[in-house]
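A.B. asks: coords below, sequence missing:
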């Protein structure tokens, strides 16, 4: 049984027009904090490269990226699942922004499966699908999900989290 959690959209099919969001402009997106050692580690960024990012005001040259989080679903209800996933968005954006530095043409969709223990720990995060997103971005996102502690479900649960990675119009 698959449940939609946190008041997100129904998992029932919808028309493509209903899910299309207007393009974002760089000025509409808050800055990404790129000073994150765990994100750096996912991209094998050396301390010298990290220092150069710091010197640039934490702005990586190249395109600006954004991530859209779709409806979070779960095999067992988890009260705060959508809120916890939404709170990860800045870290996921940082993963993607650094990924754009590695490959400025990377964009697409990833569906993450996150296994949550009965204690609420995210014990595993793996991509169920990946269309066009650099593998280092996916690894960084998976590592980010494994840092989360959710409200304890009544039984082991698997969250399904659709993510769309897009370059923002300048």
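C.D. replies: Yes, it's here. Quantities reported herein were computed from a predicted structural model and do not represent experimental measurements.

A.B. asks: going forward, measure contacts and count neighbours with C-alpha atoms only.
C.D. replies: Will do.

A.B. asks: what's near enough to touch the nearest residue to residue 167 once chain neighbours are set aside?
C.D. replies: Nearest non-adjacent residue to residue 167, counting by CA to CA, 6 or more residues apart in numbering: residue 65, 4.4 Å away. By CA atoms under 8 Å, 6 or more residues apart in numbering, the residues touching residue 65 are 93, 96, 97, 100, 165, 166, 167, 168.

A.B. asks: Among the residues you listed, which lie within helices?
C.D. replies: Among the contacts of residue 65, the members found in helices (DSSP state H) are 93, 96, 97, 100.

A.B. asks: Am I right that residue 130 is in contact with residue 110?
C.D. replies: Yes: Residue 130 is within contact range of residue 110, at 4.4 Å (criterion: CA atoms under 8 Å).

A.B. asks: ok, back up a step: got phi/psi on the residue nearest to residue 167?
C.D. replies: Here is the backbone geometry of residue 65 (degrees, to the nearest 10): phi -110, psi 160.

A.B. asks: Can you give me the distance of it to residue 107?
C.D. replies: Going from residue 65 to residue 107 by CA to CA, to the nearest Å gives 9 Å.

A.B. asks: same deal with residue 115?
C.D. replies: According to CA to CA, residue 115 and residue 107 sit 25 Å apart.

A.B. asks: go on, residue 125?
C.D. replies: The spacing between residue 125 and residue 107, counted by CA to CA, is 20 Å.
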